[in-house]
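Asks: structure, please.
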Amino acid sequence: MILNKKNLKKIKGDASFRVFYRKKNNKKNSIIVYAHKEKEKNLLIYDAINKLLIKNNILAPSLYNESYRKNFIEIEDFGNNTIFNLLKKNSAKKINLYKDSIDLLNKIQKIKENKIKNFRGKIYKLPKYDKKELFKEAKLFSLWYAKKFIPKKKLAKFNASTNQQIKILLSGIKLKNNVFVHRDFHVSNLMVHKNKLGTIDTQDALLGNKAYDLASLIDDVRFKTKSKFKDQIYNYFIKVNKNLINRKNFSNDFEILSVLRNMKIIGIFTRLAMRDNKKKYLKLIPYAWELIELRMKKNKKFEPLKEILDINFSKKIRCLK
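Replies: Predicted coordinates for the structure are as follows:
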């Protein structure tokens, strides 16, 4: 397969190493996904997970062509109607769009399979989103963000105490790692295509905690919502899953995973700016802090970690972009 750059238009990408092009065609458009780094994850695994979703009647981009040796694949074009864009156009539809997203999440969480054959004929199995992986991700906060503000002589002590508290929180997680977790289930990765809601950006999917993707959606750093609305969407999820979950255990895990996810996000956005010169995500850090504060507020299990963060990161620091 050869790329003809005359009919390709570069389109807005994401925080990954991928580059996206819209390919114009008389019959139908398509998307070229080019990955010069991490191409196994961004091309091979991405398509395998999409296949798994499609097999289970979840809308995800179909593969049209692959040229793995040349670092790209051609997939179905879902257009531009992300939930994020639809919310910007018409916020009156917010509650319905979020409820539709919860309904999609429920369908995804009913997937029983965890294996699929990729386009090179090998079986890909979803890895477990275990506590070791969650700890590794949460540490990105210390590795990239904390070192910007904490003096070098105090950094080792801060890292040790923070990591200890993260481990304690992770030891308090109650639910099993037994559902499909998208890992970035938020309004920018949910799209309406042909009057049906589907998902993109699936390459990081794992087998994990039922509360994780809900935390991604409700406490989404990219789209601000009020606490009352967050509660409304959370309660809708609980209502449709009332026979499947222990509410106390689920709430416990939702809070822990939300806090650790947003600590991870602060670390990732700082890394993107420092390592990759992608600074546009820094403006989202203040809201990530707000989300952490929201879940920690009046919550005993977070008190030791909250104290460490409050001592080291003032309101002024948290508002820096």
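
Asks: need the three-state assignment for Ile73.
Replies: strand (DSSP: H, G, I helix; E, B strand; the rest coil).

Asks: residues in contact with it?
Replies: Contacts for Ile73 (CB atoms under 8 Å, 6 or more residues apart in numbering) come out as 32-33, 43, 46-47, 63, 65-67, 119. From N, CA and C alone the C-beta is placed, and that goes for glycine too.

Asks: output these as CSV; include the columns pLDDT, neighbour count and secondary structure.
Replies: Formatted as CSV, the contacts of Ile73 follow (pLDDT from 0 to 100; neighbours: other CB atoms under 10 Å; DSSP: H, G, I helix; E, B strand; the rest coil):
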residue, pLDDT, neighbour count, secondary structure
Ile32, 95, 23, strand
Val33, 95, 25, strand
Leu43, 96, 25, helix
Tyr46, 97, 28, helix
Asp47, 96, 26, helix
Leu63, 98, 19, strand
Asn65, 96, 12, strand
Glu66, 96, 19, strand
Ser67, 95, 15, strand
Phe119, 96, 15, coil
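
Asks: ok, so of those, who is nearest Ser314?
Replies: Checking these against Ser314 by CB to CB gives Tyr46 as the nearest, at 40.3 Å.

Asks: against Glu40, how distant is that closest one?
Replies: 9 Å (CB to CB, to the nearest Å).

Asks: phi, psi of Asn80?
Replies: Asn80 adopts backbone torsions of phi -120, psi 10, taken as degrees, to the nearest 10.

Asks: can you tell me the closest non-neighbouring residue to Phe119?
Replies: Computed as CB to CB, 6 or more residues apart in numbering, the closest residue to Phe119 that is not its neighbour in sequence is Glu66, at 5.2 Å.

Asks: and the one you found, bridged to which residues?
Replies: Beta-bridge partners recorded for Glu66 (DSSP bridges): Ile73.

Asks: how about the contacts made by it?
Replies: Glu66 neighbours (CB under 8 Å, 6+ apart): 1, 43, 47, 73-74, 119.

Asks: same check on Asn249?
Replies: 174-175.

Asks: quick one: it and Asn42, what's the gap?
Replies: Distance, Asn249 to Asn42, using CB to CB: 35 Å.

Asks: do Asn159 as well
Replies: As judged by CB to CB, Asn159 and Asn42 stand 30 Å apart.

Asks: more neighbours, the two?
Replies: Taking neighbours as other CB atoms under 10 Å, Asn159 and Asn42 compare with Asn42 leading, 23 against 17.

Asks: that one and Phe149: what is the separation?
Replies: For Asn42, the distance to Phe149 (CB to CB) stands at 32 Å.

Asks: over to Gly79?
Replies: 41 Å.

Asks: can you tell me the closest non-neighbouring residue to the residue nearest the centre of the chain?
Replies: Nearest to the centroid of the C-alpha atoms of the chain, with distances taken as CA atoms, centre = their mean, sits Asp184, at 1.7 Å. Among residues not flanking Asp184 along the chain, Asp201 sits closest, at 5.6 Å (CB to CB, 6+ apart).

Asks: next, count neighbours for that neighbour.
Replies: 23.

Asks: that one should be in a helix, yeah?
Replies: No: per three-state DSSP, Asp201 lies outside any helix segment and is coil.

Asks: how near is it to Lys37?
Replies: Counting by CB to CB, the gap from Asp201 to Lys37 is 16 Å.

Asks: and if you look at Ser216?
Replies: 24 Å.

Asks: neighbour count for these two, which is higher?
Replies: Counted by other CB under 10 Å, Ser216 and Lys37 do not tie: Ser216 has more neighbours, with 24 against 10.

Asks: the more buried one: what's it in contact with?
Replies: Each residue near Ser216 by CB under 8 Å, 6+ apart is listed here: 182-186, 261.

Asks: and if you look at Ile83?
Replies: So Ile83 contacts 97, 101, 187-188, 190-192, 197 (CB under 8 Å, 6+ apart).

Asks: at 7 Å instead, please
Replies: Neighbouring residues of Ile83 by CB atoms under 7 Å, 6 or more residues apart in numbering: 97, 101, 187, 190.

Asks: how close does the nearest residue to the last one once chain neighbours are set aside get to Leu97?
Replies: In this case it means Leu190. Distances taken as CB to CB, 6+ apart put Ile83 closest to Leu190, at 4.4 Å, once the chain neighbours are dropped. The gap separating Ile83 from Leu97 is 5 Å, by CB to CB.

Asks: any idea how far Asp130 is from Ile308?
Replies: 24 Å.

Asks: correction: the previous question concerned Asn177.
Replies: Distance of Asn177 to Asp130, computed by CB to CB: 6 Å.

Asks: of the two, who's got more company?
Replies: Comparing Asn177 with Asp130 by neighbour count (other CB under 10 Å), the higher total belongs to Asn177, at 19 against 15.

Asks: make sure the more buried one is actually in contact with Gly208.
Replies: Yes: between Asn177 and Gly208 a contact is recorded at 4.7 Å, counting by CB atoms under 7 Å.
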